[in-house]
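1. sequence and computational prediction follow.
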Amino acid sequence: MTTTQDSPKTERSVPKPVFTDAEAGAQVFPDSTLRHYNYYKPQKRKQSHYEDVTVDVQPDPRHYLSQGWLYGFSDGRGGYPLDWTALKAWGSDKPSPERGPGTGGLFVKDWPATGWHEFRDPNEEWELTLYRYNSNVVRQVTQNVEAAKQSKAFEQWNTNWVRFVEHHIGAWMHVDHGLGLYLYANANRRAPTNMHNNAISVNSMHRIRSAQDLALYNLTLSEEIEGFDGSAHLDTWNNDPAWQGVRDVAEQLTGIDDWCEAIFAANIVFEPLVGELFRSQLVQQAAPRNGDFVTPTVVGAAEYDFAERDLRYSTAMFELLTNDKEFADHNKAILSDWMANWTTKSLEAARKLQPLWSQPDAKPPRFEDGLDRVKNRFSGIVTSLGLEVPKELAQ
Amino acid sequence: MSRQSVAKAHQKIQELSWEPAYHEPVSQYGTDYTFRKAQKKDPLKQVLRSYFPMQEEKDHRVYGASDGAIRGNMFRQVQERWLEWQKLFLSIIPLPEISAARAMPLLFRTVPNPELHNGQAIQMIDEVRHSTIQQNLKRLYMNNYIDPAGFNSSLRNFQSDYCGTIGRQFAEGFITGDAITAASIYLTIVAETAFTNTLFVAMPAEAAANGDYLLPTVFHSVQSDESRHISNGYATLLMALADEDNHQLLARDLRYAWWNNHRVVDAAIGTFIEYGTKDRRKDRESYAEMWRRWIYDDYYRSYLVPLEKYGLEIPHDLIEESWNQIWNKGYVHEVAQFFATGWLANYWRIDPMTDKDFEWFEYKYPGWYDKYGAWWENYNRLSMPNGHKPIVFEDVDYEYPHRCWTCMVPCLVREDMVMAKVDGQWRTYCHEMCKWTDETAFRPTYQGRQTPNMGKLIGHREWETLYHGWNWADVVSDMGFVRDDGKTMVAQPHLDLNPDKMWTLDHLRKCPPLASPNVLLNEMSDAERTAFAARYVKGGPAGRPAPADA
Ligand SMILES: [Fe+2]
Ligand SMILES: [Fe+2]
Ligand SMILES: [Zn+2]
């Protein structure tokens, strides 16, 4: 047996674990079993995980915010003023409780006090879901493009199709990027509840991601295809007359002050009439006929973002407003005006895109057929919201 | 993605920004700063293709640790003293986080450099991440920690209580007023660059020492996004510095933002770290030591001072004064004592200090015991209901303080209290600087210059005003800080969960009514008010009233 002469160990100073028994259920006392957030009513029977991490994070003076907003703009208004949109949810016209010396908190007993707080994002987006979803998308897109590279899929493209992708697929990235930042991200400061603003910020990331997806796809193509001009999309966006209508409306969309109008114009009118026309009726149809099975997977990701997620929260949001127990008519009147205006503008932009349909060697279905299809879908969306199909759609 | 391909990808996405040709985007926020359009580099170099999977990977680690903590019965080793303060902290922090997200668009039009906007949008979604991941952590505590009271009512508490209100500045200050003051200087240059170190690095270390390794997992993950936000702020600051006309405003905003952050963050985090811990190893750093390292050396000496050569006027005096407050004037101790004095208006339990704590405090802050020892012994003596009233009503040589109109922390360092009639109302301030913030900085002119975009202090800033003349039992029920038997209070001045040892509304019913110091101040005659102020500044430390002959 050998013995080793240990040098005296200097003990490292670390906190020692202590048994505290501070575990749920260790004792019974008042509140010991009250393990749910008790300050809000769930939309369904049970509080959802999404609601737990979202509801009431953004406060409201009509609810618990007894001392009111503490910091204001130079006009003395703080927080999230309800008149940042012309639409109204029930209770909006009732004044906030007037608090002062000795009034107490004047907490509203019947909550919600306005219909705004009834909104829940049907996609239930929060941290965990949004990263999972978008990571899946970028992984999928990357793999598809990688697989195409390996199988030399781009070699089958004819010259006209290469030019088409270079210019027109490329041009759309600017729409995604511009709206992603200056319409959607911008609107995340403006809605009266956390549920609205979080859904809007997730929407914003979809668009910015999809812009980058297109840009990086474009980069790959410049590396893979001999003579592919990776900067052609800039000239198209800046100068091609076919795109100036889209650009004009996109810029007008970013100029909207009213946050509801911005989301409505973009997600209920522009995307169905212009975005889906371009993606679903042109790109997805023309690409396979021209030997391109890759572009549809990239563009399809954005189409899925919109059709399955962004449109979904938008309709849930506007449905509440068109069915509002106090302001349904008020809201419908305003929404109809917005719809008339943005339908006209969107259709003008759509029609200017028509020359694109004749550029590929193998032609997609006729422009008018595609336009009819998106008009039909648009009518369905509008009708489901309880709105009349605008006469401007006939243009 | 390889580093090389990230660089190439980043280069490529620069092609995405474009200038409007037909219509300008909406301009909704004003600033008195001016920016020259200049080609700028995106400081972040972040591409979403690598960003999303990177964040998802971080999530895997956080949620893996959460599962592990529950499976491993972490809560059998968590110190209640520590976790109780998380009821306050985690009620506050999700709003500042989400407000940082909301603040990003304030910069889009005011800083006309599209290269920076990409980074701001990523910061926006990072902040959505932080807010919801923190709500989720709190939910986990509510479900697994012995006492869910206060977690279960968290956001209601936060929004109706004076402590929440103090913390709320650290959110509303990001999203209102002059866009650059708010979203750049207050949020990014000061709150994120200076104070997230104490929030997200120093505090988690203390959590771990108290048996909670989940808080560090979540907050280190949060902090790992912060360096990007700091770069956003730095890029904007350099652009602002490029125009000499901005220097005066930068000096104003740094003074305001620094002082407000010091008042608010040091009050809260200092208290959690010094009074919420059971770790009394002599070699563990005190808050003052951490502050010296993180704030004074890392932020002030290494980040701010080098900016002086670009023309940035550094508030050297205020940084030294903050240190003076922490080291010589006992700012953190005064705050902790106040929280404990007013335990009955809170929504968490505050553990009394023991001899072991006293010894540590005396070692770290020589002279502590003479100032605060007797009061904490009284706190301990009065912690269980036994025929007496809560400590605030008992004679323990403590005078209930007036509240600072600006930072809303009470005027605890009594000698620093100043008073002014502003906007027709007599107000008390905890320090000359807080008076300056209200009287001078948040005004439409500054040193003779028009500042039409500067924000305003609004709201019922003294919480006590709302309950002036109320019985305390009614105050606590009105705020909803009552447990499910309808009478036991959420807050307790001790950690014993035996229902017989807990305070109830019945105990409060017998106490004197709540009186608002500010209402009383405005009812005084001029002579009374002058006498009040003269006496008040002779009080302290540790809340001691001024000697009778003063
Ligand atoms: Fe954050
Ligand atoms: Fe941040
Ligand atoms: Zn103050």
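-> It's in. Ligands and ions are numbered 1, 2, ... in the order given.

2. where does pLDDT dip in chain A?
-> Where chain A drops to pLDDT under 70, the residues are A:1-10.

3. can you rerun that using 50?
-> For chain A, the stretches flagged by pLDDT under 50 are A:1-4.

4. quick one: the strands in it?
-> In chain A, the strands defined using DSSP state E lie at A:71-72.

5. quick one: the longest helix along chain A near chain B?
-> Secondary structure assigned by DSSP state H gives helix A:194-224 as the longest helix of chain A. Yes - using Cβ under 8 Å from any Cβ of the partner chain, helix A:194-224 comes into contact with chain B via A:194, A:197-198, A:201-202, A:204-205, A:208-209, A:211-213, A:215-216, A:218-219. Where C-beta positions appear, they are placed from N, C-alpha and C, glycine not excepted.

6. buried sites along that helix?
-> A:194-222 (16 or more other Cβ atoms under 10 Å in any protein chain shown).

7. ok, stretch B:482-494 next?
-> Neighbour-count burial for stretch B:482-494 flags B:482, B:483, B:487, B:488, B:489, B:490, B:491, B:492, B:493, B:494 (criterion: 16+ other Cβ under 10 Å).

8. ok, the first one touching residue B:503?
-> No - in this structure, residue B:482 is not within contact of residue B:503 by Cβ atoms under 8 Å, at 10.8 Å.

9. what does the pLDDT read for the residue in chain B that ligand 1 sits nearest to?
-> Going by Cβ to the ion, ligand 1 is nearest to residue B:130 of chain B, at 3.8 Å. Listed pLDDT for residue B:130 reads 98.

10. what about it, neighbour count?
-> Number of residues near residue B:130 (other Cβ atoms under 10 Å in any protein chain shown) recorded here: 26.

11. chain neighbours aside, what residue packs nearest to residue 119?
-> Just so you know, I chose chain A. Distances taken as Cβ to Cβ, 6 or more residues apart in numbering or on different chains place residue A:195 nearest to residue A:119, at 5.0 Å, with adjacent residues excluded.

12. look at chain B instead
-> Excluding the flanking residues, the one nearest residue B:119 by Cβ to Cβ, 6+ apart is residue B:44, at 3.8 Å.

13. do the same with residue A:327
-> Nearest residue to residue A:327, sequence neighbours excluded (Cβ to Cβ, 6+ apart): residue A:88, at 4.1 Å.

14. so that neighbour sits against residue A:332, correct?
-> No - Residue A:88 sits out of contact with residue A:332 when judged by Cβ under 8 Å, with a separation of 11.5 Å.

15. what do the two both touch?
-> Residues touching both residue A:88 and residue A:332 by Cβ atoms under 8 Å, 6 or more residues apart in numbering or on different chains: none at all.

16. report the buried residues of the helix or strand in which residue B:129 is found.
-> Assigned by DSSP states H and E, residue B:129 belongs to helix B:114-144. Using 16+ other Cβ under 10 Å as the burial criterion, the residues of helix B:114-144 that qualify are B:114-142, B:144.

17. for the nearest residue to residue B:458 once chain neighbours are set aside, name its beta-bridge partners.
-> The spatial neighbour of residue B:458 that comes closest, neighbours along the chain excluded (Cβ to Cβ, 6+ apart), is residue A:72 at 4.4 Å. On the basis of DSSP bridges, residue A:72 is bridged to residue A:78, residue B:456.

18. and the angle from the longest helix of chain A to helix B:114-144?
-> Helix A:194-224 runs at 130 degrees relative to helix B:114-144, counting by axes from the mean of the first three to the mean of the last three Cα atoms, to 10 degrees.

19. what strand or helix carries the residue nearest to residue B:92 when sequence neighbours are not counted?
-> Spatial nearest neighbour of residue B:92, chain neighbours left out: residue B:167 (3.5 Å); criterion: Cβ to Cβ, 6+ apart. Assigned by DSSP H and E, residue B:167 falls within helix B:162-175.

20. tilt between that helix and helix B:114-144?
-> Here the directions of helix B:162-175 and helix B:114-144 differ by 160 degrees (the same axes, to 10 degrees).

21. helices or strands next to helix B:162-175 in the packing?
-> For helix B:162-175, the packing partners by 3 or more Cβ pairs under 8 Å, 6 or more residues apart in numbering or on different chains; DSSP states H and E come out as strand A:71-72, helix B:80-92, helix B:94-103, helix B:154-160, helix B:247-261, helix B:267-275, helix B:463-466.

22. what's the fifth one in contact with?
-> Residues from elsewhere that reach helix B:247-261 (Cβ under 8 Å, 6+ apart): B:32-33, B:169-170, B:173, B:178, B:180-181, B:185-186, B:189-191, B:194-195, B:237, B:240-241, B:311-315, B:318-319, B:322, B:406-407, B:431, B:433-434, B:436-437, B:441-442, B:446-447, B:449, B:451.

23. please apply the same query to the fourth one.
-> Among residues not part of helix B:154-160, those counted as contacts by Cβ under 8 Å, 6+ apart are A:37-40, A:56-57, A:59, A:63-67, A:105, A:107, B:87, B:90-92, B:95, B:138, B:142, B:150, B:164, B:167-168, B:347, B:479-481, B:490.

24. circling back: pretty sure the residue nearest to residue B:119 is touching residue B:121, no?
-> No - the pair residue B:44 and residue B:121 does not pass the contact test of Cβ under 8 Å, sitting 10.0 Å apart.

25. host element of the residue in the stretch 201-350 of chain B that ligand 2 sits nearest to?
-> In the stretch 201-350 of chain B, no residue comes nearer to ligand 2 than residue B:229, which is 3.8 Å away by Cβ to the ion. Element membership for residue B:229, per DSSP H and E: helix B:214-241.

26. taking helix B:114-144 as reference, get the angle to that helix.
-> Going by the same axes, to 10 degrees, helix B:214-241 is angled at 160 degrees with respect to helix B:114-144.

27. chain A contacts on the stretch 301-450 of chain B?
-> Selection of the stretch 301-450 of chain B residues close to chain A by Cβ under 8 Å from any Cβ yields B:408, B:444.

28. would you state the helices of the stretch 301-450 of chain B in chain order?
-> With helices called from DSSP state H, counting those that start in this stretch, the stretch 301-450 of chain B shows them at B:316-327, B:331-341, B:355-364, B:368, B:374-381, B:432-436.

29. what is the fifth one packed up against?
-> With contacts taken as 3+ Cβ pairs under 8 Å, 6+ apart, helix B:374-381 sits against helix B:331-341.

30. is any residue of the helix it packs on near ligand 3?
-> No - figure legend: helix B:331-341 not in contact with ligand 3 (Cβ under 5 Å from the ion); closest approach 10.9 Å.

31. what are the contacting residues of that helix?
-> By Cβ under 8 Å, 6+ apart, the residues outside helix B:331-341 that reach it are B:163, B:266-268, B:270-271, B:274-275, B:287-288, B:325-326, B:346, B:350, B:361, B:365, B:368, B:371-372, B:375-376, B:379, B:391-392, B:398, B:400-401, B:409-410, B:412-413, B:493, B:540-543.

32. so what's the residue count around the residue nearest to residue B:458?
-> By other Cβ under 10 Å, the residues close to residue A:72 number 20.

33. what's the spacing between it and residue B:102?
-> Applying Cβ to Cβ, to the nearest Å, the value for residue A:72 to residue B:102 is 15 Å.

34. wait, the residue of the stretch 201-350 of chain B closest to ligand 2 sits on residue B:188?
-> Yes - in this structure residue B:229 lies within contact range of residue B:188 using Cβ under 8 Å: 6.1 Å.

35. neighbour-wise, which of the two wins?
-> Taking other Cβ under 10 Å, residue B:229 and residue B:188 do not tie; residue B:188 has more neighbours (28 against 24).

36. nearest residue to that one in space, please, no chain neighbours.
-> Counting by Cβ to Cβ, 6+ apart, the residue nearest residue B:188 is residue B:233, at 2.8 Å.
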